[in-house]
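K.L.:
Need a 3D model of the sequence below.
(one chain, ligands or ions: 1)
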Amino acid sequence: MGSPRVVIIGAGIVGTNLADELTSRGWDHVTVVDQGPLPLTGGSTSHAPGLVFQTTPSKTMTTLASYTVEKFKALDVDGQWCFNQVGGIEVATTPQRLAELHRRQGWATSWGVDARVIEPEECAKMHPLLDPKRILGGLYVESDGLAKASRAVVALSRRAQARGAVFRGSTKVLGVEQGGGRVTGVTTTSGVIPADIVVSCGGFWGPDLGALIGMDVPLLPLAHQYVTTRQLPELVGRNTVASEAGFPILRHQDQDLYFREHVDRLGIGSYAHRPMPVDLRELPGGEVTDDAMPSMLAFTDEDFAPAWEKCKDLLPSLRDATIESGFNGIFSFTPDGGPLIGESPDVAGFWIAEAVWVTHSAGVARAVAQLLVDGRSEVELHGCDVHRFEEVQLDPDYVSETSQQNFVEIYDILHPLQPRESPRDVRVSPFHVRQRELGAMFLESHGWERPHWFDVNAGLLDQLPPEWQPKPRDEWAAMFHSPIAAVEAWRTRTAVAMYDMTPLKRLEVSGPGALALLQRLTTATMDKSVGSVTYTLALDTAGGVRSDLTVARLSENVFQVGANGNLDLDYLRRQAPADGSVTVRDITGGTCCIGLWGPRSRDLVSALSRDDFSGESFKYFRAKHVRIGGVPVTAMRLSYVGELGWELYTSADNGLRLWDALWAEGQQHGVIAAGRAAFNSLRMERGYRSWGTDMTTEHNPYEAGLGFAVRLQKEAFVGRDAVAGISDDTVQKRLACLVVDDGSSVVMGSEPVFVDGAPVGYVTSASFGHTVGAPIAYAWLPATAVVGTGVEIQYFDRRVAATVVAEPLVDPEMNKIRA
Ligand SMILES: Cc1cc2nc3c(=O)[nH]c(=O)nc-3n(C[C@H](O)[C@H](O)[C@H](O)COP(=O)(O)OP(=O)(O)OC[C@H]3O[C@@H](n4cnc5c(N)ncnc54)[C@H](O)[C@@H]3O)c2cc1C
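P.N.:
From the prediction side, this is the model:
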């Protein structure tokens, strides 16, 4: 049998890269269609200035970019370059930006990109148009540079064609043919092309293409200004037409600007203008030329005028320059800035790879090719998967507002905890009204409002014993944080606290096939008695951790699954048998949950219930239907914070009554409401991992310290063969627990970690451990960094000494949690 017939919609940088990646893997039935002429189709790629800055806060995005650099370096068209590795400089004109550049240098180091912060004079030496007196320093990345996207498209198309791919220009896709829930082809202006797989690489046309099969594609086309100056005397004779550029590409994030050379002219991109959403029905038509195409709108001078003055401030030689041409070019923005990769939930074989920059194009194409050919991408993609969004986040107004905000914030200095300002109150739990009364400080995640601490608890600060007193933090670590978290941690460890766990994804997996499905997809034995609760992992075929799940068997054929997000829902639904023997439902919104944790939790809950909550009758990791204060509740005895307690689930309508009952009775037991700041600290002290931050598909369970959750003796499950030969002793890298030596320097996550002066890993989660009285962090380190190893964490421009410690830090014998 030959390889599947693939139709790729779009011959831009993403579509051609994908054709190349698929054909290089032996898939030779690949047809690329584009509505525009070839090779200059008129899409975003046709005019892309092609700056490639690799450094981002995301390991995945940086890795995708680095692959693009490596791949394009090896490409040419008749000896002409596709990547000109001129290097990249990001400059700082404020102390805050200079600090940010150090943070970015840390990310680059964490993700394996060589980068250094340099003095103003060195910046000006490399880029003589810069006035060193106007800057405080720069971040220099030698491997950054210019991608010649329109030429790379030619190189990639030629290579793919040589391996059998067919390219058809001026062929517009009008419809997607389906049969039996699968794609069977595409209808185009020149007839039907049969296909087993269709991949839409339609760039900002993505929503229209998705609409052909009823799929939401949450991106917004926005215009972004790009100008070219007339000849600059300073550049005359420096570059040839062939080389185009010799100075490093330049970013001036403080004014939302970037720069590159075009032989003897300067190209300038600006994000400093108002967001300009584009209606796809109003794109320019007509013949595609270098200067006129559907992705180019007329230049609006007035939007560029203020930015032009800022350009002259940074690069004084522009004072005598004039602008030769400009346009408002269109490309895609998304609610969280990430790309959109994945298969339609409804029509099998219809994939998308959209909202992708030139920078990440080769990396994304490789990932999609690996997904199609191997079923798994070597780079983990949870931040790129189109199914990461919640239903409410797919609403066009939500997409529009959040994507425009992303445009505005594209170069802003963003704190890791910084919530979006709008839209807010999109999703609230039934306890929201009470939380407001208690002065909750809400942060936002996936539309949910989540309390981080409660101002009312400030009143307890003066009761804190000396060893629990919060330590001063630096300005950055103090943002979106409050010393009140110490009070909430203390009360959880010494009395009892109520945590709102409602936003955590809950799925109901039910039906006669439910047990078999969960058995096949998870690492633990699921065939346990009704009332059992099991912590387990879902692995991918290579043994990578695709999720960790808490599965409660509520009846013979009904399981409640505590999951990590929408990706789990998508996965379980896809894996459910087609015969209807399993139903997977998202019950998050219709239910709610209070985590009632602390040594007094049993006293509290027992006072409100006729059910037996004693240790003998209600054991650790068991679930029961009970009544609390008259409210029917599914109680599960587990705790993310490492204390005695229960997760109390009820339907949304009963939620407020449950909260009020616990609150009223709890006054005698010292109850408080507590937020996620304390929660994160307590869960890390107890050694609980957070999927997506601490581990992903790039890690196997033994590396992640989760080998205990794998039961190889059980029947076959996805990933079993891949992990069968691995153990805690054979792994090369490990998620290690660190305690900061000085007892006070809090780090935030993603910082590089050094052993003997060399970067060897990076921080995942970090917090202040209130119980242990020191900052703690988890980090990926070589397995040789055993307990006792001294390390250094790079925090901005300084190094923080820390030590690898045995974990968990709190209650290793589990006496508290099993009390
Ligand atoms: C002014 C500007 C500056 C930029 N600068 C940079 C930069 O410096 N660095 C960087 O990394 N990125 C940059 N970008 C972003 C980058 O250009 C895009 O993200 C990238 O080119 C998108 O590539 P693509 O292949 O997804 O989309 P496109 O190149 O738009 O390709 C999509 C293709 O799909 C085709 N298509 C759509 N609908 C249909 C249909 N129904 N039937 C058939 N074909 C269809 C279109 O004709 C088009 O050719 C910039 C963008 C702009 C606007």
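K.L.:
Just the closest residue of the stretch 301-450 of the chain to the ligand, please.
P.N.:
In the stretch 301-450 of the chain, the residue that lies nearest the ligand is Gly329 (2.9 Å; Cβ to the nearest ligand atom). Glycine gets a C-beta too; all of them are placed from N, C-alpha and C.
K.L.:
contacting residues for His224?
P.N.:
Applying Cβ atoms under 8 Å, 6 or more residues apart in numbering, we find His224 in contact with Gly269, Ser270, Tyr271, Met276, Asn328, Gly329, Ile330, Phe331, Phe407.
K.L.:
Do I have it right that the last one meets Arg274?
P.N.:
No. Using Cβ atoms under 8 Å, Phe407 makes no contact with Arg274, being 9.2 Å away.
K.L.:
give me the number of residues near Arg274?
P.N.:
11 (other Cβ atoms under 10 Å).
K.L.:
Now do it, the pLDDT please.
P.N.:
The confidence metric pLDDT takes the value 97 at Arg274.
K.L.:
Kindly report the same for Ile817.
P.N.:
Reported pLDDT for Ile817: 84.
K.L.:
again, but for Met1
P.N.:
66.
K.L.:
Do you have the helices of the stretch 201-350 of the chain handy? List them.
P.N.:
For the stretch 201-350 of the chain, the helices defined by DSSP state H, counting those that start in this stretch occupy 206-211, 301-314.
K.L.:
Torsion angles phi and psi at the closest residue to the ligand within the stretch 701-819 of the chain?
P.N.:
Nearest residue of the stretch 701-819 of the chain to the ligand (Cβ to the nearest ligand atom) works out as Ser750 at 21.9 Å. Per-residue torsions, Ser750: phi 80, psi 0 (degrees, to the nearest 10).
K.L.:
Repeat that for Glu21.
P.N.:
The phi/psi pair for Glu21 (degrees, to the nearest 10) reads phi -70, psi -40.
K.L.:
which SSE is the closest residue to Gly164 other than its chain neighbours in?
P.N.:
Leaving aside its sequence neighbours, Gly164 sits nearest to Asp28 (Cβ to Cβ, 6 or more residues apart in numbering; 3.7 Å). Under DSSP states H and E, no helix or strand contains Asp28.
K.L.:
now for the helix or strand containing Asp570, which elements pack on it?
P.N.:
Secondary-structure element containing Asp570, defined by DSSP H and E: helix 566-575. Using 3 or more Cβ pairs under 8 Å, 6 or more residues apart in numbering; DSSP states H and E, the elements in contact with helix 566-575 are strand 506-510, helix 514-521, strand 545-555, strand 583-586.
K.L.:
contact partners of it?
P.N.:
Applying Cβ under 8 Å, 6+ apart, the contact partners of helix 566-575 are 342, 345, 382, 385, 387-390, 446, 505, 507, 509, 517, 520-521, 538, 546-547, 549, 561, 563, 584, 586.
K.L.:
can you check stretch 148-158 too?
P.N.:
11-13, 16-17, 19-20, 32, 38-40, 45-46, 48, 50, 72, 75-77, 80-84, 165, 167, 244, 358, 361.
K.L.:
same check, this time on stretch 715-729
P.N.:
Residues from elsewhere that reach stretch 715-729, judged by Cβ under 8 Å, 6+ apart: 519-523, 538-544, 700-702, 707, 710, 712.
K.L.:
buried residues in that stretch?
P.N.:
Residues Phe717, Val718, Gly719, Arg720, Val723, Ile726 are the ones in stretch 715-729 that count as buried (16 or more other Cβ atoms under 10 Å).
K.L.:
Would you format these as JSON lines with secondary structure, distance to Ala819 and pLDDT included?
P.N.:
Shown next, in JSON lines, are these (DSSP: H, G, I helix; E, B strand; the rest coil; distance: Cβ to Cβ, whole Å; pLDDT from 0 to 100):
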{"residue": "Phe717", "secondary structure": "coil", "distance to Ala819": "33", "pLDDT": "98"}
{"residue": "Val718", "secondary structure": "coil", "distance to Ala819": "36", "pLDDT": "98"}
{"residue": "Gly719", "secondary structure": "coil", "distance to Ala819": "35", "pLDDT": "97"}
{"residue": "Arg720", "secondary structure": "helix", "distance to Ala819": "35", "pLDDT": "97"}
{"residue": "Val723", "secondary structure": "helix", "distance to Ala819": "33", "pLDDT": "97"}
{"residue": "Ile726", "secondary structure": "coil", "distance to Ala819": "34", "pLDDT": "95"}
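K.L.:
check which helix or strand covers the residue of the chain positioned farthest from its centre.
P.N.:
The centre of the chain is farthest from one residue, Arg610, which by Cα atoms, centre = their mean lies 44.7 Å away. Using DSSP H and E, Arg610 maps to neither a helix nor a strand.
K.L.:
my guess is it meets Arg627, correct?
P.N.:
Yes. Using Cβ under 8 Å, Arg610 makes contact with Arg627 at a distance of 6.9 Å.
K.L.:
Show me which residues of the protein are close to the ligand?
P.N.:
When proximity is defined as Cβ under 6 Å from any ligand atom, the chain approaches the ligand at 9-15, 33-36, 41-45, 48-51, 172-173, 201-203, 205, 209, 224, 226, 269, 295, 329-331, 354, 356-359.
K.L.:
Next step: those restricted to strands.
P.N.:
Among those, the members found in strands (DSSP state E) are Ile9, Val33, Leu51, Val173, His224, Tyr226, Gly269, Gly329, Ile330, Phe331, Glu354.
K.L.:
is the fourth one in a bridge, and if so with what?
P.N.:
Beta-bridge pairing for Val173 (DSSP bridges): Thr188.
K.L.:
Kindly report the same for the first one.
P.N.:
Beta bridges link Ile9 to Val33, Ser200 when assigned by DSSP bridges.
K.L.:
how many other residues sit next to it?
P.N.:
Neighbourhood size, Ile9 [other Cβ under 10 Å]: 27.
K.L.:
mind listing what it touches?
P.N.:
Gly15, Val33, Asp34, Val173, Val186, Val198, Val199, Ser200, Cys201, Gly202, Leu209.
K.L.:
Show the buried residues in these.
P.N.:
Buried among the contacts of Ile9 by 16+ other Cβ under 10 Å: Gly15, Val33, Asp34, Val173, Val186, Val198, Val199, Ser200, Cys201, Gly202, Leu209.
K.L.:
Ser614 belongs to a helix?
P.N.:
No. Ser614 sits outside any helix when classified using DSSP: H, G, I helix; E, B strand; the rest coil, being coil.
K.L.:
gap between it and His432?
P.N.:
33 Å (Cβ to Cβ, to the nearest Å).
K.L.:
In space, what's closest to Arg657 - neighbours in sequence excluded?
P.N.:
Closest to Arg657 by Cβ to Cβ, 6+ apart is Val631, at 5.4 Å.
K.L.:
Quick check on the one you found: phi, psi?
P.N.:
The phi and psi torsions at Val631 (degrees, to the nearest 10) take the values phi -100, psi 130.
K.L.:
Same question for Ser422.
P.N.:
Per degrees, to the nearest 10, the backbone of Ser422 is at phi -160, psi 150.
K.L.:
I'd guessed it sits against Gln405; true?
P.N.:
Yes. Ser422 is in contact with Gln405 according to Cβ under 8 Å; the separation is 7.3 Å.
K.L.:
out of the two, which sits in the more crowded spot?
P.N.:
More crowded of Ser422 and Gln405, by other Cβ under 10 Å: Gln405, with 18 against 10.
K.L.:
got the contact list for the host helix or strand of that one?
P.N.:
Under the criterion of DSSP H and E, Gln405 resides in helix 396-408. Defining contact as Cβ under 8 Å, 6+ apart, one finds that helix 396-408 is touched by 218-220, 222, 224, 271, 275, 277, 333-337, 392-393, 420-423, 426, 447.
K.L.:
Which member of the buried ones among the contacts of Ile9 is positioned nearest Ala674?
P.N.:
Ser200 (45.1 Å; Cβ to Cβ).
K.L.:
who touches that closest one in this structure?
P.N.:
Contacts of Ser200 (Cβ under 8 Å, 6+ apart): Ile9, Gly10, Gly206, Leu209, Gly210, Phe350, Trp351, Ile352, Ala353, Glu354.
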